[in-house]
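sequence plus the predicted model coming up.
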Amino acid sequence: MTPVPRRPRRAGDLVRVLAGLVVVGHGLVHLIGVVPQAAEAPIPDPGTAGRALWLLAALAVVAAGVGLVAGRRRWWYVGAPAVVVSLAAVLTAWPAAAAGTVANAVLAVAVVHGWLAEGPRSRRERYRRHQSAVIAEAPDPAEPIAEADLALLPPLVAGYLRRAGAVGRPRAAAFRAVLSGRIRSAPGAPWMAFVAEQVNTVGAHVTRWFRMDATMLGLPVDVLHVYDDGVATMSAAACSAIRVARMSGAEAGHAETVTVLNDVCVLAPWALVGLPVDWEPVDDHRVRARYTCGQHQVSAVLVFDDAGDLVDFVSDDRARIDGASSERLTWSTPVGERRELGAGRVPTVGSAWWHAQEGAYPYIEMRIHDVAAIGAGEGSGDRPGSRLSARGRS
């Protein structure tokens, strides 16, 4: 699978490296306990068993610090026991070695952050488990899309699917997209760079999991959107610990249903074949789609250029949600610069706009790096157990 692009460097990276270097230095100081006489250390000789404890602490703490400096995803698996072993060694030479507790506090804080960012309950790890479940449980693709299937669609949509390479393509049950770009909360708000990935399932069970790694004021912000048959949640946390946004409820589900329809139209047009959509031609360049999922029915106008490519998606059914308040506005997603990706010929650049009374403005600009259909054999599915029927908790 195409990896998520490397995100830009940020201030948090410098903090992580500095903390890691402090931890490495702290680990090396433990060697004083291994040969206290040679080092003329102000701690008593710990004896043979004590020296072994100090050596183990040195090795564990240095390994944890190296993993932290390198940004290893699961470095905290080593860091957590390293804190315990180091504290045990310090206690054998208390109070002479009391200063070591300061460095251990730095290590402990880093371990807690590592657990929040990458632990089993983190947004990142929950997304990975869900993606693995989608890959492992994806059925064999159904029979390829034929010209006869396109006859059931409006001419504009049928022509778009032909240009996207849908004819002859197997009907996969899911797809994955890799994105990057920038996002902001309001017209005057600063832009936040992000990298993101998402996985959607289509058909009888509709899900959309979207994970974003954004940067705000130099700090990391983890974002996870979860959609499951009309029920949607979103949560965002700065430094993986401080919640800065949350969205749920009926209005969130309605808005995300529009997003699900948009995903299919833009990223995986082949999935429009068989999707429960009622089509209504508007004019020579526009067609209206009405889509139902769960308790939500939404509509959007698809806009095509003279060549037959989709250039915009406009809906009045998506709300701009800000905390407890929400307001339905016209929402559009102009796209362009198409090329052949894993799931066919799709746009590679796009943006999303709110058309508010104070004026229209883009709140997200993105580049689409890859879109790939998911079927049997698309990856390892190395985590057993289905999670597709369980609603995500953000």
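Looks like it arrived, so ask away. Numbers count the residues shown, from 1 in each chain.

who does the helix or strand where Ala245 lies pair up with?
Using DSSP states H and E, Ala245 maps to strand 242-248. Using DSSP bridges, the strands paired with strand 242-248 are strand 231-238 (antiparallel).

now the element after the host helix or strand of Leu18, going C-ward?
Under the criterion of DSSP H and E, Leu18 resides in helix 11-29. Per DSSP H and E, the first helix or strand lying C-terminal to helix 11-29 is helix 47-70.

what residues of the host helix or strand of Ser86 count as buried?
Using DSSP H and E, Ser86 falls within helix 76-92. By neighbour count on 16 or more other CB atoms under 10 Å, the buried set for helix 76-92 is Trp76, Tyr77, Val78, Gly79, Ala80, Ala82, Val83, Val85, Ser86, Ala89, Val90, Thr92. In this view, the C-beta of every residue, glycine as well, is placed from N, C-alpha and C.

equivalent analysis for stretch 192-209, please.
For stretch 192-209, a neighbour-count test (16+ other CB under 10 Å) marks 192, 194-202, 206-209 as buried.

same question for it, mean pLDDT?
Stretch 192-209 shows a mean pLDDT of 94.

may I have that stretch as PDB, with CA atoms only?
As requested, the backbone C-alpha atoms of stretch 192-209 are provided in PDB (Å, rounded to 0.1, in the frame of the first residue of the first chain):
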ATOM      1  CA  MET A 192      -2.600  23.800   9.600                       C
ATOM      2  CA  ALA A 193      -0.600  21.300   7.500                       C
ATOM      3  CA  PHE A 194      -1.700  17.700   7.600                       C
ATOM      4  CA  VAL A 195      -1.200  14.200   6.200                       C
ATOM      5  CA  ALA A 196      -4.100  11.800   6.200                       C
ATOM      6  CA  GLU A 197      -5.500   8.500   5.100                       C
ATOM      7  CA  GLN A 198      -8.900   7.000   5.000                       C
ATOM      8  CA  VAL A 199     -10.600   3.700   4.400                       C
ATOM      9  CA  ASN A 200     -14.200   3.400   3.100                       C
ATOM     10  CA  THR A 201     -16.500   0.400   2.800                       C
ATOM     11  CA  VAL A 202     -19.300   0.500   0.300                       C
ATOM     12  CA  GLY A 203     -22.400  -1.600  -0.300                       C
ATOM     13  CA  ALA A 204     -24.600  -3.100   2.300                       C
ATOM     14  CA  HIS A 205     -22.400  -1.800   5.200                       C
ATOM     15  CA  VAL A 206     -21.100   1.700   4.700                       C
ATOM     16  CA  THR A 207     -18.200   2.900   6.800                       C
ATOM     17  CA  ARG A 208     -15.700   5.700   6.600                       C
ATOM     18  CA  TRP A 209     -12.700   6.000   8.900                       C
END
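
that older thread, out of the buried residues of stretch 192-209, list just those in strands.
Met192, Phe194, Val195, Ala196, Glu197, Gln198, Val199, Asn200, Thr201, Thr207, Arg208, Trp209 (DSSP state E).

low-confidence bits of the stretch 1-150 of the chain, can you list those?
1-2, 5-9, 11, 36-42 (pLDDT under 70).

output the longest strand belonging to the protein.
strand 359-374.

mind giving me the packing neighbours of that strand?
Applying 3 or more CB pairs under 8 Å, 6 or more residues apart in numbering; DSSP states H and E, one finds that strand 359-374 contacts strand 174-183, strand 335-341, strand 344-356.

ok so, going back, got the CA coordinates for the helix holding Ser86 in CSV?
C-alpha atoms of helix 76-92 as CSV (Å, rounded to 0.1, in the frame of the first residue of the first chain):
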residue,chain,number,x,y,z
TRP,A,76,7.3,3.3,24.9
TYR,A,77,7.1,-0.5,25.2
VAL,A,78,10.8,-0.2,26.2
GLY,A,79,10.4,3.1,28.0
ALA,A,80,7.8,2.0,30.5
PRO,A,81,9.8,-0.9,32.1
ALA,A,82,13.0,1.3,31.8
VAL,A,83,11.4,3.8,34.2
VAL,A,84,10.6,1.1,36.7
VAL,A,85,14.1,-0.5,36.5
SER,A,86,15.8,2.9,36.7
LEU,A,87,13.7,3.9,39.8
ALA,A,88,14.6,0.6,41.4
ALA,A,89,18.3,1.3,40.9
VAL,A,90,18.0,4.9,42.2
LEU,A,91,16.3,3.7,45.3
THR,A,92,19.2,1.3,46.1
